[in-house]
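> Predicted structure and sequence below. I'll ask about it afterward.
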Amino acid sequence: MSKTAFIRAAEIWLPTADGTELVLGSGLYGPLHAFAELSRDTRFRKGEGLPGEAWAARHPIVMRSLATSTFRRIAAAAEAGLTSGIAMPIFSGDAIRAVVVLFCGDAADQVGAIEVWSNDPETDAQIGLHDGYYGGAELFEMTSRMKRFGKGFGLPGTVWAAEMPMVFREIYRSERFLRQEEARQVGLTLGLGLPFDGDPGKTWIMVFLSALGTPIAGRFEVWVPDGSGGLIYETGLSEAATDVSAAGRPTRIAAGDGLLGAVLASGLPVASADCAADAAWLVDPGEPAEAHSALAMPCLDAAGALKAVTAWRF
C-alpha cells in the first residue's frame, strides 16, 4: 500500500478458540513494519480497542481520530502516519467470525469517503448517515450528513434494497447516485456498497467512495456462489477504467483456490501480500502483479450463509 492510497493498512482479527479475545489473523501493512510488529502481539477483548468496539456494537465502527483513549496503539499509529480507522465485524448468527480493520492516513492529503449508514425500522422508514470519514472532502461530508434515503434510492438505499454488495461507476454523473453534484466537485468517481447483517432487526450499510488521485482500492470485484460449491464473477470496477478487464479472470473459483477460494472454504476474510500468487487477474494489464496486495471479504446473511465475496486490490 502506497502513501497516496486512501487506505494505508488493513487487518483481519479473529476470535481465539475460547471466544474471549481477538488476535491478529493477518494484515497488510506495506512499509509500516513497526506498527505491524506491535499489532501481532496485541489482543482485544469484547469492547476493547477498535476491533473490540465493533465486536461489541455488532455493526461497523468509524474512529475518526486514532488519538483517543479507546485506541490502544496510539503512539505506533502516529509514528506510522495513521490517523483514522474503520472496523467491520463479521458475524455468523450470534458468533463473531472476524473483524476487518482499515486504516487511513493524513486527512489533509486524502480525498474519498467511507460511510456507515443505518436504519432502525422501529423509529424510521429511511436510512441515514451514522458516521463517516471523508479525508479532505469536507463539502461532501456536510451534504451527506443532511441526506436520508428511502429503500432503493441513492447508493445506501440501493444496497439496502438489494441486500448485496454493489459497485457504482462514474458516480459523478449517475442518476442513481443522488449526491452526484457534490461528488463531482470533490472528484469522487467510484463507489462500493456493502450490507452488514450482524445487528438483528437493524440495517447497516457501508459505502466506500473513491477518488482517482487517492483511490480507496485500485480494483473492487464482487463474486457470488454458483449453486454448486463455487464462485462466479458478478461485477467489478477499477481505478484505471470504469469497468474491469476479463483478461486472466477465472470463469469459476472452487473452494480453496487462491484468495477468493480461501474465503469460500473458510467463511473468513483473507489477506494476501502477493497478488501474483493468489489473485493475479486483479491486477490491471501492464501492471506488475507482485507490486500489489489484496483483501477478500465474505458477505454473510443473518444466519451466516455466504451471499457474496468482495475482492479489494490495493
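Arrived safely, thanks for sending.

> in the chain, which spans are helices?
33-40, 49-57, 74-80, 138-146, 154-162, 180-186, 258-266, 275-278 (DSSP state H).

> weakest of those in terms of mean pLDDT?
Here the helices of the chain differ in mean pLDDT, and the lowest is helix 180-186 at a mean of 59.

> what comes into contact with stretch 117-126?
59, 127-130, 148-150, 156-157, 160, 201-207 (C-beta atoms under 8 Å, 6 or more residues apart in numbering). Yep, even glycine has a C-beta here, placed from its N, CA and C like the rest.

> mind listing what's buried in that stretch?
Of all the residues in stretch 117-126, those buried under the rule 16 or more other C-beta atoms under 10 Å are W117, S118, N119.

> Of the helices of the chain, which is nearest F91?
Closest approach to F91 among the helices of the chain is made by helix 49-57 (9.0 Å; C-beta to C-beta).

> helices or strands next to that closest one in the packing?
Packing contacts for helix 49-57, counted by 3 or more C-beta pairs under 8 Å, 6 or more residues apart in numbering; DSSP states H and E, involve strand 21-28, strand 43-45, strand 61-63, strand 84-92, strand 95-104.

> rewinding a little: which of the buried residues of stretch 117-126 sits closest to L14?
Proximity of these to L14 was ranked by C-beta to C-beta; the top entry is S118 with 25.5 Å.

> related to what we said a few turns ago, if any of the contacts of stretch 117-126 are buried, put those into a ChimeraX selection.
Selection of buried members from the contacts of stretch 117-126 for ChimeraX, criterion 16+ other C-beta under 10 Å:
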select :59,127,128,129,130,148,149,156,157,160,203,204,205,206,207
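
> Now do the contacts for S84.
Contacts of S84 (C-beta under 8 Å, 6+ apart): V62, M63, R64, S65, L66, F103, C104, A107, Y133.

> Quick check: beta-bridge partners of it?
C104 (DSSP bridges).

> And the residue lying closest to I232 once chain neighbours are set aside, how close does it get to S92?
Distances taken as C-beta to C-beta, 6 or more residues apart in numbering place D226 nearest to I232, at 4.6 Å, with adjacent residues excluded. D226 sits 21 Å away from S92, going by C-beta to C-beta, to the nearest Å.

> Comparing those two, which residue is more hemmed in?
It is S92, of D226 and S92, that has more neighbours when counted by other C-beta atoms under 10 Å, with 20 against 13.

> what's that one in contact with, if anything?
By C-beta under 8 Å, 6+ apart, the residues touching S92 are G267, L300, A303, G304.

> Out of those residues, which two sit at the greatest distance?
Maximum pairwise distance in the contacts of S92, criterion C-beta to C-beta, is 12.1 Å, between G267 and A303.

> Looking only at neighbour counts, state which of these two leads.
It is G267, of G267 and A303, that has more neighbours when counted by other C-beta under 10 Å, with 16 against 8.

> Can you list phi and psi of the more buried one for me?
Main-chain dihedrals, G267, degrees, to the nearest 10: phi 70, psi 10.

> With A17 instead?
Phi and psi for A17, reported as degrees, to the nearest 10, are phi -60, psi -30.

> How much space separates it from R40?
The gap separating A17 from R40 is 18 Å, by C-beta to C-beta.

> and those two? which has more neighbours close in?
The residue with more neighbours, out of A17 and R40, is R40; 10 against 6, by other C-beta under 10 Å.

> give the contact list for the more buried one.
R40 makes contact with L24, according to C-beta under 8 Å, 6+ apart.

> what does C299 give?
Shown in contact with C299 (C-beta under 8 Å, 6+ apart): M164, P165, L194, P195, L306, K307, A308, V309, T310.

> go on, M166?
M166 sits in contact with L155, T158, V159, L192, G193, V222, T235, where contact means C-beta under 8 Å, 6+ apart.

> Run through the bridge partners of it.
M166 has these beta-bridge partners by DSSP bridges: G193.

> Tally up the residues packed near F153, please.
16.

> An error on my part: the question was meant for A277.
With other C-beta under 10 Å as criterion, A277 counts 12.
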